[in-house]
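Student: Return a 3D structure for these sequence lines:
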Amino acid sequence: MMIKTMKRLSPVALAIGLGATALLGGCSEQPAQNTQTASEPAAQVAAPETEQAFVAPQISVQLWSVKDALKDDFKGTLEKLAALGFDGVEFAGDFGPYAEDPAGLKAYLSSIGLTASGAHVQTPQLTDNLEDTVEFYQALGIDALIIPWDDRAFNGDDVKAFATELTALSEALAPYGMQVGFHNHAQEWANYGDTSYFDYIASHTPESVILQQDVGWTVHADKDPIAFVRRYPGRTLTTHFKSDVPEDSDLLPIIGKDDISWSAIYRATVLDGGAEWIVIEQEVYPDGLSPMDAVAASKAGFDAIIAE
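Tutor: Coordinates of the predicted model:
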């Protein structure tokens, strides 16, 4: 989700042979050994060939993508998203007529074939009001609470305090069976010492902290989304798939109409990252498309890619 100027899976095991990287073990607080640095290009990352069971994640949509439509017609918008074939939705603070009734919202989602894949939650909601926040999202059936923005995440040594806070929140949420996570923008890919801010956060938090990579922002920052997943295996449990193209490009910021290697990113995100949810997000609406039509186009592009 762009701010300022961005249940758990019941998977179906698709036992197919894929040429992909071997699934790595758990991640410690230090990044996995990898000869590629955060700034090296994608072409330098090679994966060993192996065959293993591929467990297909569920597909969600970040509701920020259709935020205006949601305000105008909450239920109608959710029903249109369900008709597009999404399995779930990721909330970003708008609960329509269910703001005081999360259990009712969960039941409504179920009635139209959707579930809540997670939610973007601002830091103060977790640090200042943890018990009420937990109660609300548990009733909604959510156990992945993702912080979408925090100024400290890219502001000099403030990132150290932020990483410490993420660690503390992870420990506080564990007894409830919930996880905290962090969602990157381009700013977190800026250099911090001999690494990036996002890498610092990843390597200074426990593996229980979800690293919700926004692939669009990673590409926008000219970094390699596959390399990031492989540096921190098992931690991209929920990942944003969002297109990004240069402003002067003839390509479109729609999944499948850009030049992003989505198939390879998808395989790595699942096999190395352990993705349980792929969350499609659309923040740019090219060629006069409405937000809903742009979301539908990216969903169709993604469906075509994973069907290959």
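
Student: Would you mind giving both backbone torsions of F91?
Tutor: phi -80, psi 150 (degrees, to the nearest 10).

Student: in the sheet, who's paired with V89?
Tutor: V61, A116 (DSSP bridges).

Student: count of residues packed around it?
Tutor: 25 (other Cβ atoms under 10 Å). For the C-beta atoms, the positions are set from N, CA and C on the backbone; glycine is no exception.

Student: wouldn't it be in contact with H120 here?
Tutor: No: between V89 and H120 there is no contact under Cβ atoms under 8 Å: 11.5 Å.

Student: Need the overlap of contacts for these two.
Tutor: Common contacts of V89 and H120 (Cβ atoms under 8 Å, 6 or more residues apart in numbering): Q62.

Student: Low-confidence stretches in the stretch 51-200 of the chain?
Tutor: 51-52 (pLDDT under 70).

Student: what about the helices in it?
Tutor: 67-72, 74-83, 102-111, 123-127, 130-140, 158-173, 197-203 (DSSP state H, counting those that start in this stretch).

Student: highest average neighbour count across these?
Tutor: helix 197-203 (a mean of 24; mean count of other Cβ atoms under 10 Å).

Student: hang on, the earlier thing: quick one, which of the helices of the stretch 51-200 of the chain is nearest to I306?
Tutor: Ranking these by distance to I306, with Cβ to Cβ as the measure, places helix 74-83 first at 18.0 Å.

Student: Output the closest one as PDB, nothing but the C-alphas.
Tutor: Below are the C-alpha coordinates for helix 74-83, written out as PDB (Å, rounded to 0.1, in the frame of the first residue of the first chain):
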ATOM      1  CA  PHE A  74     -18.400  -1.800   0.300                       C
ATOM      2  CA  LYS A  75     -20.300  -5.000  -0.200                       C
ATOM      3  CA  GLY A  76     -20.700  -4.600  -4.000                       C
ATOM      4  CA  THR A  77     -17.000  -4.000  -4.400                       C
ATOM      5  CA  LEU A  78     -16.100  -7.100  -2.400                       C
ATOM      6  CA  GLU A  79     -18.600  -9.200  -4.400                       C
ATOM      7  CA  LYS A  80     -16.900  -8.000  -7.700                       C
ATOM      8  CA  LEU A  81     -13.500  -9.000  -6.300                       C
ATOM      9  CA  ALA A  82     -14.900 -12.400  -5.400                       C
ATOM     10  CA  ALA A  83     -16.300 -12.800  -8.900                       C
END
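
Student: now that helix against helix 102-111, angle please.
Tutor: Counting by axes from the mean of the first three to the mean of the last three Cα atoms, to 10 degrees, helix 74-83 points 40 degrees away from the direction of helix 102-111.

Student: Out of the helices of the stretch 51-200 of the chain, flag the one nearest T269.
Tutor: helix 197-203 (14.8 Å).

Student: rewinding a little: for the helices of the stretch 51-200 of the chain, please prepare TSV with the additional fields distance to D272.
Tutor: TSV is the format used below for these (distance: least, Cβ to Cβ, whole Å):
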stretch	distance to D272
helix 67-72	32
helix 74-83	28
helix 102-111	30
helix 123-127	28
helix 130-140	28
helix 158-173	21
helix 197-203	14
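
Student: Relative to P57, which of the ones you listed is closest?
Tutor: Per Cβ to Cβ, nearest to P57 of the helices of the stretch 51-200 of the chain: helix 74-83, 17.2 Å.

Student: May I see the buried residues of stretch 284-300?
Tutor: For stretch 284-300, the neighbour count (16 or more other Cβ atoms under 10 Å) marks 284-285, 289, 291-292, 294-300 as buried.

Student: Show me how far stretch 93-105 is from its chain's centre.
Tutor: 22 Å (Cα atoms, centre = their mean, to the nearest Å).

Student: Need the residues that contact it.
Tutor: With Cβ under 8 Å, 6+ apart, stretch 93-105 has contacts from 63, 67, 70-71, 74-75, 108, 116, 120, 122, 136-137, 139-140.

Student: of those, closest to L166?
Tutor: Among these, and counting by Cβ to Cβ, the member closest to L166 is Q122, at 13.6 Å.
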